[in-house]
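J.: have a look at this prediction, sequence included:
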Amino acid sequence: LRVPPSLWQHSGVQTRVGHGESFASLSRYGFSRGHQGTGLAIRGVQRTNVGLLLLALAGCGTGMAPSTIAPSASPSTSLRPATTATPSATTTAAPASTVWHSVAVPEPTSAGLLGIACVSATECWAVGSLGGTQGVIERLEGNEWSVAANADHSTILTDVSCASSNDCWAVGGGMSSGSLVSVFDHFTGQAWTPSATSLPSQAELLGITCLSNGSCWAVGSLGDQPVVASYAGARWAVAESPSIPSGGAGELNDVWCVTSSNCWAVGKTGFQGAALIEHYDGSTWTLATSPSLNVTVGTSMGAGELMSIDCLTANDCWSVGDLAAFGGTSPAQFLVEHWDGNAWAVAPTTTPSGLGEYAALNGVSCAPGDDCWAAGGAVLEHYGTSGWTSVDAPAFSGGGAFDVSCSGNGVCWAVGTTATGPASATNSTA
């Protein structure tokens with residue numbers, strides 16, 4: 001659900017794509033394959049009816065009762081318990097609240113914002129798509145967005161990450177001369193410029209993270225397998241990573257590093273049940289044990305996909321996504337998983353009614369003091385002393401929130417789209 005409905009409205013994509021439509025022809029619109037490789041997918045499970053999605057995101061869904069995913073193990077042993085401890089003076093979220101308000105974005109109605117990275121509460125970068133084929137970059141300074149100077153991009157940008165104020169990377173991809181190509185754009189304090197890469201053609205990049213030392217990891221897919229790329233100061237190159245076993249397919253949607261020798265990447269496989277989780281220990285990427293998702297969605301076993309990940313410490317990571325009917329159109333459910341230093345476990349969360357088969361959490365970000373936010377359609381999920389709860393996000397009415405970034409003092413910014421164009425919102429009270 002990473003691609004805003006507004007992109008569909010301006011791209012001319014048909015409402016259903018059959019078996020004969022190639023992956024490359026869809027990727028220029030920001031679409032990727034679903035769990036079974038048929039139908040239209042938006043960074044995840046199958047989405048086959050644009051009209052239904054527009055209604056669902058506008059709050060005109062099925063009217064079903066909220067659905068709940070129970071934890072896969074006792075919270076006392078597998079999940080971090082909610083805390084009521086007061087954050088220290090260095091982590092107090094004084095200027096933030098649980099009420100979000102809209103902040104205008106100066107882009108045309110055909111634009112949508114897909115990713116955001118905040119260096120501080122008043123300095124952020126956001127990237128996305130213009131008309132489903134071109135990229136956009138926006139810069140937040142203070143409380144005002146502006147179009148980034150010298151940032152004319154010919155392909156969609158899906159994610160952005162900053163090592164510092166003067167060192168940011170954006171990734172994406174699109175069609176060039178009839179082929180799908182990956183894009184790395186680098187900001188060094190003055191302007192955004194393309195960067196050299198040795199990635200093969202047909203690589204689709206979906207997520208990126210950069211460390212304070214300037215090194216970065218990017219993830220996505222290459223053909224029907226996950227792909228990981230690394231940057232250590234010279235050029236981007238493919239890193240060795242595991243393939244999906246038993247002839248399966250998969251992709252990685254996001255990556256996060258606690259340190260240079262402790263990184264996580266999350267995504268999906270083509271199988272029912274568990275989502276895809278990989279771990280890097282400083283030398284090797286390996287498949288991690290992912291919780292079994294023994295949950296029935298509609299009449300089918302749920303197929304899980306993790307869209308985003310964020311870690312506060314080595315023993316405290318959150319990943320979010322969705323659990324949808326495998327190959328079906330039954331109402332989907334929000335999916336939240338937590339790492340406590342020993343194992344990943346499904347965390348209890350409730351999916352608001354009305355989202356139907358398009359319910360998904362697309363981005364997550366945490367501030368110190370157990371203060372996390374996840375972006376999902378016209379709602380934002382908040383983790384605090386009461387666990388995960390839903391907060392209305394009217395700034396994204398008729399569209400959806402697609403990513404969120406929180407600074408150390410608890411101030412967060414979310415980006416996405418509305419029925420009339422790009423949108424942003426913040427919980428800052430300043």
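T.: Perfect, thanks for sending it.
J.: got a pLDDT number for the nearest residue to Ser146 once chain neighbours are set aside?
T.: Excluding the flanking residues, the one nearest Ser146 by CB to CB, 6 or more residues apart in numbering is Arg139, at 5.6 Å. C-beta coordinates here come from the backbone N, C-alpha and C atoms, glycine included. Note on Arg139: pLDDT of 95.
J.: tell me what Arg139 is bridged to.
T.: Judged by DSSP bridges, the bridge partners of Arg139 are Trp125, Ser146.
J.: measure it to Val411 for me?
T.: Computed with CB to CB, to the nearest Å, the distance linking Arg139 and Val411 is 17 Å.
J.: so these two - more neighbours on which side?
T.: Val411 (23 against 18; other CB atoms under 10 Å).
J.: now do the longest strand along the chain: which elements does it pack against?
T.: For the chain, the longest strand by residue count, based on DSSP state E, is strand 300-313. Applying 3 or more CB pairs under 8 Å, 6 or more residues apart in numbering; DSSP states H and E, one finds that strand 300-313 contacts strand 250-259, strand 262-269, strand 316-325, strand 333-339, strand 363-367.
J.: can you give me the angle it makes with strand 363-367?
T.: Angle of strand 300-313 versus strand 363-367, following axes from the mean of the first three to the mean of the last three CA atoms, to 10 degrees, is 30 degrees.
J.: what comes up buried for strand 300-313?
T.: For strand 300-313, burial by neighbour count (16 or more other CB atoms under 10 Å) applies to Met301, Gly302, Ala303, Gly304, Glu305, Leu306, Met307, Ser308, Ile309, Asp310, Cys311, Leu312.
J.: save the residues you listed as CSV, and put in distance to Thr158 and pLDDT too.
T.: Output for those, formatted as CSV (distance: CB to CB, whole Å; pLDDT from 0 to 100):
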residue, distance to Thr158, pLDDT
Met301, 29, 60
Gly302, 25, 61
Ala303, 22, 77
Gly304, 21, 88
Glu305, 15, 93
Leu306, 16, 96
Met307, 11, 96
Ser308, 12, 98
Ile309, 15, 98
Asp310, 17, 98
Cys311, 20, 97
Leu312, 24, 94
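J.: now, among the residues you listed, which is nearest to Thr133?
T.: For the buried residues of strand 300-313, the closest approach to Thr133 (CB to CB) belongs to Met307, at 22.6 Å.
J.: in this structure the closest one contacts Asn253, no?
T.: Yes. If you go by CB atoms under 8 Å, Met307 and Asn253 touch, sitting 5.0 Å apart.
J.: beta partners for the residue nearest to Glu337 when sequence neighbours are not counted?
T.: If the residues on either side of it in the chain are set aside, Glu337 comes closest to Ser319, at 4.8 Å by CB to CB, 6+ apart. Beta-bridge partners for Ser319, by DSSP bridges, are Ile309, Glu337.
J.: neighbours of Ser319, how many?
T.: Ser319: 30 surrounding residues under other CB under 10 Å.
J.: which stretches in the protein count as helices?
T.: Along the chain, counting by DSSP state H, helices occupy 5-11, 23-27, 50-57, 75-78.
J.: re the thing from before, and the buried residues of strand 300-313 as TSV, adding distance to Ser165?
T.: TSV is the format used below for the buried residues of strand 300-313 (distance: CB to CB, whole Å):
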residue	distance to Ser165
Met301	46
Gly302	41
Ala303	40
Gly304	36
Glu305	33
Leu306	29
Met307	27
Ser308	23
Ile309	23
Asp310	20
Cys311	22
Leu312	22
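J.: which two among the residues you listed are spaced furthest apart?
T.: Largest separation among the buried residues of strand 300-313 by CB to CB: Met301 and Leu312, giving 32.0 Å.
J.: surely Cys210 meets Ala170?
T.: No. Here Cys210 does not reach Ala170: they are 10.7 Å apart, not a contact under CB under 8 Å.
J.: kindly export the longest strand of the chain (C-alpha atoms) in PDB.
T.: What follows is strand 300-313 as a C-alpha-only set of coordinates in PDB (Å, rounded to 0.1, in the frame of the first residue of the first chain):
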ATOM      1  CA  SER A 300      -7.600 -18.400   3.800                       C
ATOM      2  CA  MET A 301      -4.500 -18.600   5.900                       C
ATOM      3  CA  GLY A 302      -3.000 -15.200   6.300                       C
ATOM      4  CA  ALA A 303       0.000 -14.200   4.200                       C
ATOM      5  CA  GLY A 304       2.200 -11.800   6.100                       C
ATOM      6  CA  GLU A 305       4.300  -8.900   4.800                       C
ATOM      7  CA  LEU A 306       6.500  -6.500   6.800                       C
ATOM      8  CA  MET A 307       6.800  -3.100   5.200                       C
ATOM      9  CA  SER A 308       9.000  -1.100   7.700                       C
ATOM     10  CA  ILE A 309      11.300  -1.500  10.700                       C
ATOM     11  CA  ASP A 310      12.800   0.700  13.400                       C
ATOM     12  CA  CYS A 311      15.000  -0.100  16.400                       C
ATOM     13  CA  LEU A 312      15.700   1.900  19.500                       C
ATOM     14  CA  THR A 313      18.300  -0.500  20.800                       C
END
